[in-house]
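Visitor: okay, sequence plus prediction incoming.
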There are 4 protein chains.
Amino acid sequence: MSHVTATRQVPVASQRESDPVRVAVIGLGRMGSDHVERIVNDVAGAAVVAACDPDEGSRQRHERRFGITTFTDPEAMLDGCPVDGVIIASPGHLHVAQVLSCLERDLPVLCEKPLAPSVADGRQIIEAEVARGRRLIQVGFMRRFDDHLAELVATVHADEIGVPLLVHCVHRNPSVRPTYVSENSLDDSLTHEIDQLRWLLNDEIVAVNVLVPTSTPKAPHLADPKLILLETASGVLADVEMYVNATYGYEVRCEVVGSEGTASTHIGEGPMVRRSGQVHQRVDANWGQRFGASYRRELAAWVAGVGSGRITGPSAWDGLVTSHVAAAAVESYRTGQRVPVDVLETPALYQ
Amino acid sequence: MSHVTATRQVPVASQRESDPVRVAVIGLGRMGSDHVERIVNDVAGAAVVAACDPDEGSRQRHERRFGITTFTDPEAMLDGCPVDGVIIASPGHLHVAQVLSCLERDLPVLCEKPLAPSVADGRQIIEAEVARGRRLIQVGFMRRFDDHLAELVATVHADEIGVPLLVHCVHRNPSVRPTYVSENSLDDSLTHEIDQLRWLLNDEIVAVNVLVPTSTPKAPHLADPKLILLETASGVLADVEMYVNATYGYEVRCEVVGSEGTASTHIGEGPMVRRSGQVHQRVDANWGQRFGASYRRELAAWVAGVGSGRITGPSAWDGLVTSHVAAAAVESYRTGQRVPVDVLETPALYQ
Amino acid sequence: MSHVTATRQVPVASQRESDPVRVAVIGLGRMGSDHVERIVNDVAGAAVVAACDPDEGSRQRHERRFGITTFTDPEAMLDGCPVDGVIIASPGHLHVAQVLSCLERDLPVLCEKPLAPSVADGRQIIEAEVARGRRLIQVGFMRRFDDHLAELVATVHADEIGVPLLVHCVHRNPSVRPTYVSENSLDDSLTHEIDQLRWLLNDEIVAVNVLVPTSTPKAPHLADPKLILLETASGVLADVEMYVNATYGYEVRCEVVGSEGTASTHIGEGPMVRRSGQVHQRVDANWGQRFGASYRRELAAWVAGVGSGRITGPSAWDGLVTSHVAAAAVESYRTGQRVPVDVLETPALYQ
Amino acid sequence: MSHVTATRQVPVASQRESDPVRVAVIGLGRMGSDHVERIVNDVAGAAVVAACDPDEGSRQRHERRFGITTFTDPEAMLDGCPVDGVIIASPGHLHVAQVLSCLERDLPVLCEKPLAPSVADGRQIIEAEVARGRRLIQVGFMRRFDDHLAELVATVHADEIGVPLLVHCVHRNPSVRPTYVSENSLDDSLTHEIDQLRWLLNDEIVAVNVLVPTSTPKAPHLADPKLILLETASGVLADVEMYVNATYGYEVRCEVVGSEGTASTHIGEGPMVRRSGQVHQRVDANWGQRFGASYRRELAAWVAGVGSGRITGPSAWDGLVTSHVAAAAVESYRTGQRVPVDVLETPALYQ
């Protein structure tokens, strides 16, 4: 595994202040408490000093286990506790108010995706950040910090396969929560591929078409799998298999087809075991196993950015554009039509 | 490599007459002369006794090298020379007349694809064969005799991955002849995937949609690559990347995505060489290298069928339906629209 | 799979007499009857016209199934039936007399390994062949006709990895017959690796050392596995894992370590199946599955050699030297010592 | 990549004191300064507060870059600066005195390998640690913290392949420093495999035999490669290819052969690139690239152990036994003989 690659991705402060970065966390659900645990155990130069969540049990567990001061109300926390940066891992519909509240205090934010429930809401955040004149927000597209994907992207950017023409993506989950609806594979799961394609191709998506074959008998209430076609401004065509009840494991794959060759993510993890007529390798069980190291690097990069005053990860604009394309995907799914996507003009702050 | 698999595919006569099957070949271009050489050197129980071609040099080479009696005219050959079966490897627009001529003589035929230049022409052949009341024609879809694909199909048919939902195919050539036009990747190259999908899924294709991204700078006069979407009657969706100027080599891949797992063709051929910072394997250089063994098995199966009086390989009906779907693909390419394909009623002879 | 490679290996007559090569088979046990079936079904230009075996049932089956005239006595067969070449697949202790009998009649022979039960016996054969002044014998080292190994050897011979320094070999069987004794992994199984190393390295073996770890509980009566160290005249060191109760399948692997890189046989056969948390490929079940195509090419090459009057496959000398080294391996196993092997002077006929 | 696996390996304090672990580093050469940088940038809950090195430039760089107080003399540093743990990365012959000095102060130590230049020296350390009645020393065998190897070991320990019988190891470096002598591949490089085998097999090595084939022309002054045979008390036989001028890259591989199957490290890193007739993946360039993440986890585990007062990584005893076996390997290399290794009685502290 290449640390070199990760280093290219994540600018790290070459000098570190002796005082750790003080982090507050809004939301102690699964994602928020995972972030707390990673910062405490795996990220250098940071300390979680405060957290808030409406659930008392969750607050008490974090107080007891990590010695964190907890609150029920984010505003009370931000007023009552001096911090250097805020991680927002609350439900998506609360993001806008919480992000704006941090921006008002000039506090750097790591906001889980989606940045906002609608493009209009996202616009408010963009305007507020632009008004402050510098980047304060990083959005939680952790794939940009994945060694495997970063090396694939670097291979393409280094022109090893010529001009990209087609991209084939696969995104499979073993299963999903009972409350997952068909649109979630577009407005939630697919956002990772949308951001990944923009990162990979340095290009904007101009049309989306969602195709729905026969659904798996494992989830007859869902349209699953789907095949999503994404077209870019320069004419690249990407197809994404989104399959959230694949049963056998979690897999994210990508092959970029260029004018001089192709590059694809590698295959197989763990020991090669020969037994009973087969040679096998395990497949990752879930996204936590697949992307655990990426979350750590995402947090480390953000902490370094907070420390140095320079946030460089995926931006609020990346979050907004992704939501914009995802909304078109949902429309395509509902109408059964290919939906053109207008390219939003990028504010100067994000160019 | 599994011979077991091949044996499943190719019913072989358990007893063999002492006299070899006498074969005539119509057309001594590349494909025809390859077939002659394979029968002479690699197929048991057969002898090429006659061949015809308008080109004198080609005729003389085959007379000299293999002691074959040659003719300029197929009719003269069939009238003048007792044979047990005929291989037709002439240009496609000549197939109808030549196949009909063989059927009139009750001679088994191995006809290279396409069976006929149009569906209407193909109908004549079907009617003639149906009128004779038994199968005499095998069409040259040699992939059905490929060990790798046969084992993939057997895996799916054995229900190892549950119900098929999606199929991803890749078909890449390093380059194509100067006379190749954009439609040829649909009416020629794609026919292999059409037949392969029908074989794999036991299902008929009901719609086709040809998508065209930016073309490769290697062949600016062509729409290359293409992404072709094929929908089946039972709701399976297949995407086929057709890319005939991929430069790096020849590759045919297939992944079938099912309700319990997926199955895909393997990756990499030849020794694994570690050198200069890489581990690499070769990619096949061309279809002859990839499918050489499949052609041999195709011929062996046909020869066995001629010997036993029972032709079982891909049928004239498979050839007709494939042309029918390919014609819809060409229409989709020309109109830019998804084209529904009506399912033809299968005559009893082919059920 | 590369046919090109096979073609390099197997010189094929560019012209073929119209009459097929008439083959007699001595011994209709498993190997002999497999050879009969392959020639009848899979080898062009040959016919099995006679066979002999002491077992009446076996004779009758072959008469009935393939129309072959059978005999109980090899001499009677050779006297009574005109043939062009003889395949010897009888028990090893009968080989010397049978080979000599064929040589007296100037008949080309394909003799299964071992050529002779002892080096002294083998010397008689060599002297007889040398006395006739030309090669008439091919020994059944079918690995030389395996596409995968041939391509590995070609890679090394093409100097892609520099000077060979080490070779790692693995030879695993799922299980062995009840009568198999510990020495058989040396005087039988290992002969394939001995011949393979001489072919690969163009070098002679000068010492052998057999190491015996704890045996598998699957076969407590055997010394299994073994690790055999073979040293060559030019100083290459080869280690061979010989493990005949590996349970999981049949595998033959080889990695050649050179001064500029390494080359090794590829890994994994058949479709890649993702299911239940794993991605797996099958392993071959037995040597018939692994080397079926190699046997076919071996026979085709020998038939072509009989037809053209020029036998070029592994020679009687290769058979003799292999037995010579295998005898040293048995001595090493029995004494627990490294055993030097004197290099035999190669007669001019085999240089 | 499995974080689960790492977690199994590295017991992490579930609660963390608010004050970071204060670390002193002895030796600011490549290894020492890499450790400093990893602690500062990548390890949670630790701070490098002091370092010592005879080289002024190196001291100044670390003061300037990381704000670390530096010293020329380890004793002065330990006397003058309150610390919680010490990393020793000085030249090997200085280890004994420095480790003993730390033990006298009851300070936990992470000591780079070799623990001591001789077994006799190592005994002094063992006696001092035993006298203190608890483990204070972790030795720098970072492979125990490698995800890939840990998962391989876990597979074997979980009895997935039955009883281990043979182990095949490969250890290749692209090249070595000019001062590297033939013995270094045994007393330095091989120590990693010795420790790895003891970890993997829970077994002691009882004999070693070093075999030397022709050396690579790339390093005619060295005996390179070597094949080292290691026998364990329970009869497992391990062969280790040690090749330090392999030119093409850095590779560490291991296949364990058991009574029910085999398990081996996976093959290939980074994207699969198809180009120019090949599909290739990169090979790691050096041990830093291969084991960067392992060093981080090693440090994190040691820091956690210092924090919790419980050191659990590879012990001083592991370091001593490894040196003991390595000394036998050097003797075998020099004498050309197999050298028996007596099994040292493990003190109670390390059982």
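Guide: Okay, I see it.

Visitor: what parts of the stretch 51-200 of chain A come near chain B?
Guide: When proximity is defined as CB under 8 Å from any CB of the partner chain, the stretch 51-200 of chain A approaches chain B at A:162-163, A:165-166, A:168. Every C-beta, even on glycine, is put in place using the N, C-alpha and C of the backbone.

Visitor: mind running it again at 7 Å?
Guide: Taking CB under 7 Å from any CB of the partner chain as the measure of proximity, the stretch 51-200 of chain A contacts chain B at A:163, A:165-166, A:168.

Visitor: cool, the stretch 251-351 of chain A as well?
Guide: So the stretch 251-351 of chain A meets chain B at A:257, A:259-261 (CB under 7 Å from any CB).

Visitor: contact partners for A:Ser315?
Guide: Residues in contact with A:Ser315 (CB atoms under 7 Å, 6 or more residues apart in numbering or on different chains) are A:135, A:137, A:139, A:350.

Visitor: in space, what's closest to the last one - neighbours in sequence excluded?
Guide: Once its chain neighbours are removed from consideration, A:Tyr350 has its nearest residue in A:Trp317; the separation is 3.9 Å (CB to CB, 6 or more residues apart in numbering or on different chains).

Visitor: correct me, but the one you found touches A:Ile126?
Guide: Yes: taking contacts as CB atoms under 7 Å, A:Trp317 lies within contact range of A:Ile126: 6.4 Å.

Visitor: centroid residue for chain A?
Guide: Nearest to the geometric centre of chain A sits A:Phe141, at 2.1 Å (CA atoms, centre = their mean).

Visitor: tell me how chain A divides into domains.
Guide: Following automatic domain parsing, one gets these domains for chain A: A:3-143+A:294-317, A:156-290+A:337-344.

Visitor: helix or strand next in line after the longest helix that chain A contains, which one?
Guide: Using DSSP state H to define each element, chain A has its longest helix at helix A:287-308. Counting by DSSP states H and E, the next helix or strand C-terminal to helix A:287-308 is helix A:316-335.

Visitor: flag the shaky bits of chain A, pLDDT-wise.
Guide: A:1-18 (pLDDT under 70).

Visitor: for it, which residues are neighbours of chain C?
Guide: Neighbours of chain C within chain A, by CB under 7 Å from any CB: A:248-249, A:267-268, A:274-283, A:285.

Visitor: which of those sit farthest apart?
Guide: A:Gly277 and A:Ala285 (23.8 Å; CB to CB).

Visitor: list the helices and strands whatever helix or strand A:Val130 lives in packs on?
Guide: Element membership for A:Val130, per DSSP H and E: helix A:119-132. Under the contact definition 3 or more CB pairs under 7 Å, 6 or more residues apart in numbering or on different chains; DSSP states H and E, helix A:119-132 sits against helix A:95-104, helix A:316-335.

Visitor: now the ones you listed in a markdown table, with distance to C:Val156 and mean neighbour count?
Guide: Converted to a markdown table, the helices and strands packed on helix A:119-132 look like this (distance: least, CB to CB, whole Å; neighbours: other CB atoms under 10 Å in any protein chain shown):
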| stretch | distance to C:Val156 | mean neighbour count |
| --- | --- | --- |
| helix A:95-104 | 61 | 20 |
| helix A:316-335 | 50 | 22 |
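
Visitor: format those helices as a markdown table; extra columns: distance to A:Ala238.
Guide: Converted to a markdown table, the helices and strands packed on helix A:119-132 look like this (distance: least, CB to CB, whole Å):
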| stretch | distance to A:Ala238 |
| --- | --- |
| helix A:95-104 | 27 |
| helix A:316-335 | 11 |
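
Visitor: can you show me the helices along chain A?
Guide: A:3-9, A:30-42, A:56-66, A:74-80, A:95-104, A:119-132, A:147-157, A:184, A:190-201, A:287-308, A:316-335.

Visitor: which positions in the fourth one come out as buried?
Guide: It refers to helix A:74-80. A:74, A:77-78 (16 or more other CB atoms under 10 Å in any protein chain shown).

Visitor: nearest residue to the residue of chain A found nearest chain C other than its sequence neighbours?
Guide: Nearest to chain C, among the residues of chain A, is A:His280, at 3.6 Å (CB to the nearest CB). If the residues on either side of it in the chain are set aside, A:His280 comes closest to C:His280, at 3.6 Å by CB to CB, 6+ apart.

Visitor: using CSV, list the CA coordinates for stretch A:49-69.
Guide: Provided in CSV are the C-alpha atoms of stretch A:49-69 (Å, rounded to 0.1, in the frame of the first residue of the first chain):
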residue,chain,number,x,y,z
VAL,A,49,-13.4,18.3,23.5
ALA,A,50,-17.2,18.6,23.1
ALA,A,51,-20.1,16.8,21.4
CYS,A,52,-23.8,17.2,21.2
ASP,A,53,-26.7,14.8,20.6
PRO,A,54,-30.3,14.7,21.7
ASP,A,55,-29.9,11.1,23.0
GLU,A,56,-28.9,10.9,26.6
GLY,A,57,-27.5,7.4,26.5
SER,A,58,-25.2,8.2,23.7
ARG,A,59,-24.0,11.4,25.4
GLN,A,60,-23.3,9.5,28.6
ARG,A,61,-21.4,6.8,26.8
HIS,A,62,-19.1,9.3,25.2
GLU,A,63,-18.6,11.2,28.4
ARG,A,64,-17.7,8.1,30.3
ARG,A,65,-15.5,6.5,27.6
PHE,A,66,-13.6,9.5,26.2
GLY,A,67,-14.1,12.2,28.9
ILE,A,68,-15.9,14.5,26.4
THR,A,69,-18.1,17.3,27.6
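
Visitor: please see if that stretch touches chain D.
Guide: Yes: contact of stretch A:49-69 with chain D (CB under 7 Å from any CB) involves A:65-67.

Visitor: a markdown table for those residues, including neighbour count?
Guide: As requested, the residues of stretch A:49-69 next to chain D are exported to a markdown table (neighbours: other CB atoms under 10 Å in any protein chain shown):
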| residue | neighbour count |
| --- | --- |
| A:Arg65 | 15 |
| A:Phe66 | 22 |
| A:Gly67 | 15 |
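
Visitor: would you list the residues you listed in a markdown table and tack on distance to B:Thr312?
Guide: Compiled in a markdown table, the residues of stretch A:49-69 next to chain D are given as follows (distance: CB to CB, whole Å):
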| residue | distance to B:Thr312 |
| --- | --- |
| A:Arg65 | 69 |
| A:Phe66 | 70 |
| A:Gly67 | 76 |
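
Visitor: what parts of the stretch 201-350 of chain A come near chain D?
Guide: So the stretch 201-350 of chain A meets chain D at A:260-266, A:268-275, A:281, A:289, A:292-293 (CB under 7 Å from any CB).

Visitor: now, the residues you listed that are in strands?
Guide: Within those, residues falling in strands by DSSP state E are A:262-264, A:269-275, A:281.

Visitor: which one of the residues you listed sits closest to C:Glu183?
Guide: C:Glu183 lies nearest to A:Arg274 out of those, by CB to CB, at 26.4 Å.

Visitor: dump the residue contacts of that closest one.
Guide: A:Arg274 touches C:248, C:283, D:261-262, counting by CB under 7 Å, 6+ apart.

Visitor: repeat that with 8 Å
Guide: A:Arg274 makes contacts with C:248-249, C:251, C:283, D:261-264, as judged by CB atoms under 8 Å, 6 or more residues apart in numbering or on different chains.

Visitor: just A:Thr70 next, same as before
Guide: Counted by CB under 8 Å, 6+ apart, A:Thr70 has contacts A:28, A:50-53, A:59-60, A:62-63.

Visitor: in CSV: those residues, plus neighbour count and distance to D:Arg105.
Guide: Listed next are the contacts of A:Thr70 as CSV, based on neighbours: other CB atoms under 10 Å in any protein chain shown; distance: CB to CB, whole Å:
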residue, neighbour count, distance to D:Arg105
A:Leu28, 25, 41
A:Ala50, 23, 37
A:Ala51, 29, 38
A:Cys52, 24, 43
A:Asp53, 23, 44
A:Arg59, 19, 41
A:Gln60, 11, 39
A:His62, 24, 36
A:Glu63, 13, 35
